[in-house]
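1. pasting a predicted model and its sequence here:
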Amino acid sequence: MTQKPCPWTGERVFEIRRALGRRLKEAGIQEAEIEARHMLGAVLDEWPDPDLRLDKTGAQALEAMVLRREAREPLSHILGAWGFWSLDLAVSKDVLTPRPETERLIEIALGHLGQGPLKILDLGTGSGAILLSLLQERPDAMGLAVDRSPAALQTAMQNAQSLKLDTRTMFVEGDWDAALPHGPFDLVVSNPPYIAHDEIATLEPEVRRYEPVLALDGGMDGLDAYRAILPLLPHYIKPGGAFVLEIGADQGAAVSDMAQAQAGLGDICVSQDLGGRDRVVSGLCN
């Protein structure tokens, strides 16, 4: 029996991009055109003449990627990497894919950093996106990354090594208090799990099927991690140092009230992302 030829074989890149966009859109992918460009770029390494025709090897690689994406596997997992801030980061099923809204945390954190040598703590580091972005911006800083997941720490270590930031980064496996022997710190940052437990089943397939529940589930009301982290901050942070925490869009009032009630913390501020949604709670240690 004659084997059915792989889709895309011999087709022009320009035509493939349009057809691929339509196919992804039919699968429910919101940014289908952008993702089609990413997939073709991964297969071709660079954008060639749009009249170039895709060979069999490239066509097979592209079709394999499309089938995985149609099953709603995140594009970041398929590509094995994702862009965040100024970095290209390795990602996997063991870490959250870095989101653009988290870049707001980076902006606020950088505004809290003074001059001279610094120590930064990242609680629940995942891929290392937050800490490594800050270290890239501040060559005079040292960082400590904490995560309960050994697999997540492996990904963060891989990223630190590829970015040549591993000599300024230490990794500790453990819970929120695991870094206490290594303090105090000038800055504590965290993007902890903040999705309410019952809401996880309502998330997009890319999230609920493929991203680690450990990094998503914030307990019944989504606030468990903040209840654990906020009392630790006065023990972690130098006087005058700062903390910057990512929050869910409906959690600004709750988390800021919790921070205000915590002895040793002050100047509490809720900041919004580019969409106008509450995204970050920050403050200082008295």
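-> Arrived safely.

2. quick one, strands of the stretch 1-150 of the chain?
-> Under the criterion DSSP state E, counting those that start in this stretch, the stretch 1-150 of the chain contains strands at 81-84, 87-90, 118-123, 141-147.

3. would you list those in TSV and tack on distance to Ala225?
-> Bear in mind the C-beta positions are built from the backbone N, C-alpha and C, glycine included. Listed next are these as TSV, based on distance: least, C-beta to C-beta, whole Å:
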stretch	distance to Ala225
strand 81-84	21
strand 87-90	22
strand 118-123	9
strand 141-147	12
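
4. now for those, which one comes closest to Ala59?
-> Ala59 lies closest to strand 81-84 among these, at 22.1 Å (C-beta to C-beta).

5. pLDDT averaged over the closest one, what's the number?
-> Strand 81-84 shows a mean pLDDT of 93 in the predicted model.

6. Leu274: which of the strands of the stretch 1-150 of the chain is closest?
-> Ranking these by their distance to Leu274 (criterion: C-beta to C-beta) puts strand 81-84 first, at 15.0 Å.

7. list the neighbouring strands of that closest one plus their orientation.
-> Looking at strand 81-84 with DSSP bridges, its paired strands and their directions are strand 87-90 (antiparallel).

8. next one: the closest residue to Thr97 other than its chain neighbours from Thr125, what distance?
-> Distances taken as C-beta to C-beta, 6 or more residues apart in numbering put Ser76 closest to Thr97, at 4.2 Å, once the chain neighbours are dropped. Computed as C-beta to C-beta, to the nearest Å, the Ser76 to Thr125 distance reads 17 Å.

9. so between these two, which is more surrounded?
-> With other C-beta atoms under 10 Å as the criterion, Ser76 and Thr125 differ in neighbour count, and Thr125 comes out ahead with 31 against 24.

10. how near is that one to Asp55?
-> Relative to Asp55, Thr125 is positioned 41 Å away (criterion: C-beta to C-beta).

11. and Pro231, what is it in contact with?
-> For Pro231, the set of contacting residues under the criterion of C-beta atoms under 8 Å, 6 or more residues apart in numbering consists of Gln262.

12. repeat that for the one 10 residues further on.
-> Under the criterion of C-beta under 8 Å, 6+ apart, the contact partners of Gly241 comprise 184-188, 284-285.

13. filter these to the buried ones?
-> Using 16 or more other C-beta atoms under 10 Å as the burial test, those include 184-188, 284-285 as buried.

14. break this protein into its domains for me.
-> Domain ranges of the chain: 13-71, 81-285, per automatic domain parsing.

15. could I get these as CSV with distance to Pro7?
-> Compiled in CSV, the domains of the chain are given as follows (distance: least, C-beta to C-beta, whole Å):
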stretch, distance to Pro7
domain 13-71, 6
domain 81-285, 23
